[in-house]
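Student: Fold the following and give me the result.
(2 chains)
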Amino acid sequence: MKKSICVVLTLLFVLPAFAACGTSSNPSGDSPDKMKLYVLNWGDYIDEDVLAEFISGHPEIEMHYDTTTSNEEMLIQVQNESSIYDLCVPSDYMISKMVKMDLLQPLDFSQIPNFENIDPAFLGKEFDPENRYSVPYLWGTVGIVYNKTMVSEPVDSWEILWDPDYSKQIIMYDSIRDSMAVALKKLGYSMNSTDPDQIAQAEAELIRQKPLVLAYLVDDIRERMISGSAAFGVMYAGDAITCIEENPDLEYVIPKEGSNVWFDNAVLLKRSQNAEAAHIFINYLCDAEVARRNSEYIGYSTPNKAAMEMMDDWNEDPIFNPPKEVVDRCEAYVDLGDAISLYNDAWLRIKGQ
Amino acid sequence: MRRRFFAYPYILWMLALILLPMAVIIFYAFTTGEAGGNRFTLSYIIKIFDMLNIRILLRSVWLSLLATAVCLVVAYPVAYILSRIPSRKTPFLYVLFVVPMWMNFLLRTYAWMILLDMNGLVNRFLVMLGFGRVQLMYNMSAVVFGMIYNFLPFMILPIYTMLLKIPAELVEAAQDLGADDGRVFWRVVFPLSLPGVVSGVTMVFIPGITTFAISRLLGGSQFMLFGDLIENQFILLQDWHFGSALSLMMMVLVFVCMAVSSGFDKETKGGALI
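Tutor: Next up is the predicted model:
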C-alpha cells in the first residue's frame, strides 16, 4: 500500500514536467475567434520588421512563426500527422517530393491578387508545372567565391577547384547534393543524374579532390572567406553578396559548365486548418514593397517583378540579378526518388576517406 | 521505506531515458526497415564491418589514444604539483581547472575556432612577432588538440584526488629507509596513484572515441569519426536502423573499455596493498 502511494506521488511529481513539454507550443491566451497561422520558414529568412508589421496589421490572425535549417528537416516537421503547420517555404526539389507525398493542397489564386507581381519567368517550373501549389519567394544560384589577392588566373570553371596549386585553399560546401553537383557539372553531366556510372565518376572526382580541400563547411564558409583563410569557397549567391560587402577582395562567379539555380516557394499544406490566413500571408509576401524589403534584408534575389523595379542599384549587380544566359546554364534540383541513396552512399565514402 | 521513495524519480528517469532508448536502439539494430514490417535481420550488424566503417572506427580509436596519451603526460605533473601545494592555495587553483568544465564543450570549441582563425588572436600575435600567418585549423592536429583541451580536466581530477589520498607517512617512511626522491616517486607515489590514472584514462579515452562535432568544427569535416558517422546516419541519411547498429557497436566498445579499466582498477588496488 505504502509502495503504491509512493509510485503515485512520484508520477504526480514527474508527469507534469513531461506534460508541460507537450503543450508549451500552444499559446497561453487562447482566443477562439482568432485565426491561427503556423508558418515554417528558414532561419533569418524574413525581415523581422516585415513580419512584425504583418502581425500588427492583422489582429484577426494569431501568428506562430518557426524556423528550420534544411529541406529534409522541414519535411520531417510537416509530414508528421500531428503537424500543426499551414505554410512552409521549401526549395524546388522538396516541393516535388511534397507533391508526390500528397502533403500539399492547391492554392486559391483568387485570394492572392499580388501574385501578378511575380515574374512569369519563375512560374511553370518543373516542380510545379501548372502553378497549382506554390508561390515563388526567393531564388538564387550557387557559384565560386574567390579571393582576388590569392588567385591570379581567371576563374570561370569548376576545374579550378581541382588545381593542385591551390592545395588546402579550397572550401567545399558540406552537403550531399551541392558537392555532388559541383563534380557532376565539372564532368559535364546533369546534377540530377541517376546514372550509377556518372555518380561513381563524380564520387571518384571528389575523392581525388579531397587532399586539396581545406574544409567542408556550411555557414562557416562566409566567415572563412571574409577572413582570407582560403582562396576558393563554394557558396550561395546571397551569401556571396554579404561576403563581398565585408571583404571587397572577394569575387563571385558562376562557372561556365553551369551550376545550381534554386527556388524557394511558399506552399500550403494539406493538413492546414487555416487556409484563409495562409492565403492572406502569402498575398502579403507577394506585395512589392514587402518583397523588396525581404530581398534586401536577406540578400537573395526576388522573383517579384514589381519589387525588382524598385531596386535599381541592386539590379545592376550581376550576382543579385544574373543575366538570363547565365541562369539558362544552370539547373534546378529535382527530387531523385530512390536514386538519392546512390548519392548518400557516395557521399559517405567521400567523407569517410 | 523513506529512502526508497527518493529513488523512484531516478528509477523512472532511468527507465524512460536510459533503458528504454537502449531497448529501442537494440530493436532497430536487429530489424529491417524495408517494406514488409519489422523482420529480424543481421544485415545492419554485418554492414558495420564494411572496410569504410572500420577505417572510421580505427581513426576514432587512434585519435582518442593520441589525445589520451597527451592528456596523461600533461595532466600527471599538473596533478602532482597541485597535490603538493599548501592546502590554503589549492581551492583557487582547483577552481581554475574546474571552471572550464562548467561551460558547454561546444562553446569552448567555438572559442577555439575564433582563436585559431586566420584572422584570429594566435595569428595576429604571430604577425606581430614578424612571422607569417599560419592555417591552424582544419587539420588532424586541430582535432586532437580540441579533444585534449576538452578532456584534460577529466584526466587531472582523478589523478589529483588519488595523489591527495596517499598518506604522507608512506612517503616519509620510504625516505627514512633511504630512498631518494626518484625512488620514492616510482616505487611509492606512482603505483599508489595508478587507480587515478586508470580512471583518468577511461574518462578521456571513452569520450574520445565517441567524439563528434569537434572533428566537424576544428577539422572542417575532413576526418569523419565514428560519432560523426552515427550522427550522419540519423540526421542526414535518416537510416535509423544502421545508425542504431553503429550505436550498439559503440556501446559494446564502451562497455569493453569500462570492463577492462575496472579489472585493471581491482588489480592495482590489490597490488597497492602488498
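
Student: Identify the residue spatially nearest to A:Thr68, adjacent ones excluded.
Tutor: Leaving aside its sequence neighbours, A:Thr68 sits nearest to A:Met74 (C-beta to C-beta, 6 or more residues apart in numbering or on different chains; 4.9 Å). All C-beta atoms are positioned from the backbone trio N, CA, C, and that covers glycine.

Student: these two touch, right, the one you found and A:Met94?
Tutor: Yes - with contact defined as C-beta atoms under 8 Å, A:Met74 counts as touching A:Met94 (6.8 Å).

Student: Okay, now the unreliable bits of the stretch 151-274 of chain B?
Tutor: Low-confidence segments of the stretch 151-274 of chain B (pLDDT under 70): B:265-274.

Student: Pick out the residue of it closest to chain A.
Tutor: Here the residue of the stretch 151-274 of chain B nearest chain A is B:Gly220; by C-beta to the nearest C-beta that distance is 2.3 Å.

Student: Name the SS class of B:Phe131, please.
Tutor: Using DSSP: H, G, I helix; E, B strand; the rest coil, the structure places B:Phe131 in coil.

Student: Could you tell me how many residues sit around the residue of the stretch 101-250 of chain A found nearest chain B?
Tutor: Residue nearest to chain B within the stretch 101-250 of chain A: A:Ala215 (2.3 Å; C-beta to the nearest C-beta). Neighbour count of A:Ala215, defined by other C-beta atoms under 10 Å in any protein chain shown: 26.

Student: Tell me which residues touch it, please.
Tutor: By C-beta atoms under 8 Å, 6 or more residues apart in numbering or on different chains, A:Ala215 lies in contact with A:Ile171, A:Met172, A:Arg224, A:Ala230, B:Met137, B:Tyr138, B:Gly219, B:Gly220, B:Ser221, B:Gln222.

Student: Am I right that it is in a helix?
Tutor: No - applying three-state DSSP, one finds A:Ala215 to be strand, outside a helix.

Student: Not counting sequence-adjacent ones, nearest residue to it?
Tutor: Nearest to A:Ala215 is B:Gly220, by C-beta to C-beta, 6+ apart, at 2.3 Å.

Student: That neighbour in helix, strand or coil?
Tutor: coil.

Student: Next, count neighbours for it.
Tutor: 25.

Student: so who does B:Asn38 touch?
Tutor: Contact analysis of B:Asn38 by C-beta under 8 Å, 6+ apart lists B:Phe27, B:Thr31, B:Thr32.

Student: For B:Trp62, see how far away the residue nearest to the spatial centre of chain B is.
Tutor: Nearest to the geometric centre of chain B sits B:Val204, at 2.6 Å (C-alpha atoms, centre = their mean). Going from B:Val204 to B:Trp62 by C-beta to C-beta, to the nearest Å gives 14 Å.

Student: just A:Lys351 next, same as before
Tutor: On the measure of C-beta to C-beta, A:Lys351 and B:Trp62 end up 17 Å apart.

Student: show me what contacts the residue nearest to A:Gly238 when sequence neighbours are not counted?
Tutor: In this structure, A:Gly238 finds its nearest non-sequential neighbour in A:Tyr300, 3.6 Å apart by C-beta to C-beta, 6+ apart. Contact analysis of A:Tyr300 by C-beta under 8 Å, 6+ apart lists A:Leu138, A:Trp139, A:Gly140, A:Tyr236, A:Ala237, A:Gly238.

Student: Make JSON lines out of the residues you listed and add secondary structure and neighbour count.
Tutor: Listed next are those as JSON lines, based on DSSP: H, G, I helix; E, B strand; the rest coil; neighbours: other C-beta atoms under 10 Å in any protein chain shown:
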{"residue": "A:Leu138", "secondary structure": "strand", "neighbour count": "26"}
{"residue": "A:Trp139", "secondary structure": "strand", "neighbour count": "25"}
{"residue": "A:Gly140", "secondary structure": "strand", "neighbour count": "24"}
{"residue": "A:Tyr236", "secondary structure": "strand", "neighbour count": "22"}
{"residue": "A:Ala237", "secondary structure": "helix", "neighbour count": "26"}
{"residue": "A:Gly238", "secondary structure": "helix", "neighbour count": "19"}
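
Student: Check which element follows the least confident helix or strand in chain A by mean pLDDT along the chain.
Tutor: Least confident helix or strand of chain A, by mean pLDDT, DSSP states H and E, is helix A:2-23 with a mean of 48. Remark: after helix A:2-23, the chain's next helix or strand is strand A:35-42, criterion DSSP states H and E.

Student: which residues in chain B form helices?
Tutor: For chain B, the helices defined by DSSP state H occupy B:2-14, B:20-29, B:43-48, B:51-84, B:90-102, B:105-116, B:121-128, B:140-165, B:168-176, B:181-184, B:190-209, B:214-217, B:226-231, B:240-273.
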